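Student: I'll drop the sequence and a predicted model, then ask my questions.
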Amino acid sequence: MIERRTRQPVLLCTLLLCFLAAPCVALLSSRQLRRTTSFAARQHQPSRPRLLSLSMVAKSGGKLIHDETEFSDNVLKSDLPRPVMVFFTAPWCGPCRLTVPVVKDVLKEYVGQLDVVEVCSDDLPDVAADAGVESIPTIQLYYQGQLMDTIVGCVAKNVLSSSVSKVLEDTTESEPNGDES
């Protein structure tokens, strides 16, 4: 019985020490306090423009489009010599990440016959909206500024490849040959 009485005060003292020590543990050292203060002070300064965006590198192997004029110059011009595949994507999109290797493979398969550009719909929502993109991933094929085909969602290589070959056939048929008079 005496043993029990001695344990209770020890337990009570331990709990009391933990309770009193908790605020001490929560106090920041002066070094941590300076870092926190300088971070808070930096939050109120005007932000510097970011030199790099998360989506500056085109993962598909194509050219990354940075603004609306670049999109119109590389996709919508009527004097472009080859069809253009436009891959609308976003860095957070899981199906887009699954589609990247497919686009790379098709790019390798049709090298020299097809140009590939990538548009991040987070960075250029107006471009995506003007192109009629409602969900990503979306792949659109253009020739001489005209939309030829659209594929929405994650796509298999054979489906994308057949779509590209169909567009290439249509574009070669529409080009005038010098042999005919």
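Tutor: Yep, that arrived.

Student: need the next SSE after the lowest-mean-pLDDT helix or strand in the chain, C-terminal direction.
Tutor: When each helix and strand of the chain is scored by mean pLDDT, DSSP states H and E, helix 30-43 comes last, with a mean of 43. Using DSSP states H and E, the helix or strand that follows helix 30-43 in sequence is strand 63-64.

Student: C-terminal to that next one, what's the next element?
Tutor: helix 68-71.

Student: hmm, who's touching that next one?
Tutor: Contact partners of helix 68-71, identified using Cβ atoms under 8 Å, 6 or more residues apart in numbering, comprise 65, 117, 119, 124, 126-127. Any C-beta I mention is one placed from the backbone N, CA and C, and that applies to glycine too.

Student: in that helix, what counts as buried?
Tutor: For helix 68-71, burial by neighbour count (16 or more other Cβ atoms under 10 Å) applies to 70-71.

Student: the following helix or strand past that helix: partners in the sheet, and parallel or antiparallel?
Tutor: Next along the chain after helix 68-71, taking DSSP H and E as the criterion, comes strand 84-89. When pairs are called by DSSP bridges, strand 84-89 turns out to pair with strand 115-120 (parallel), strand 138-143 (antiparallel).

Student: quick one: contacts of the last one?
Tutor: The reference is to strand 138-143. Residues from elsewhere that reach strand 138-143 (Cβ under 8 Å, 6+ apart): 75-76, 80, 82-88, 99, 103, 128, 131, 133, 147-153, 155, 160, 163-164, 167, 170-171.

Student: one more pass at 7 Å, please.
Tutor: Outside strand 138-143, the residues that touch it by Cβ atoms under 7 Å, 6 or more residues apart in numbering are 75, 83-88, 131, 147-152, 155, 160, 163-164, 167, 171.

Student: pull the CA atoms of it into PDB?
Tutor: Output in PDB follows, covering the C-alpha atoms of strand 138-143 (Å, rounded to 0.1, in the frame of the first residue of the first chain):
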ATOM      1  CA  THR A 138      -6.200  16.700 -75.600                       C
ATOM      2  CA  ILE A 139      -4.300  16.200 -78.800                       C
ATOM      3  CA  GLN A 140      -5.200  18.200 -81.800                       C
ATOM      4  CA  LEU A 141      -3.800  17.900 -85.300                       C
ATOM      5  CA  TYR A 142      -3.700  21.100 -87.500                       C
ATOM      6  CA  TYR A 143      -2.700  21.600 -91.100                       C
END
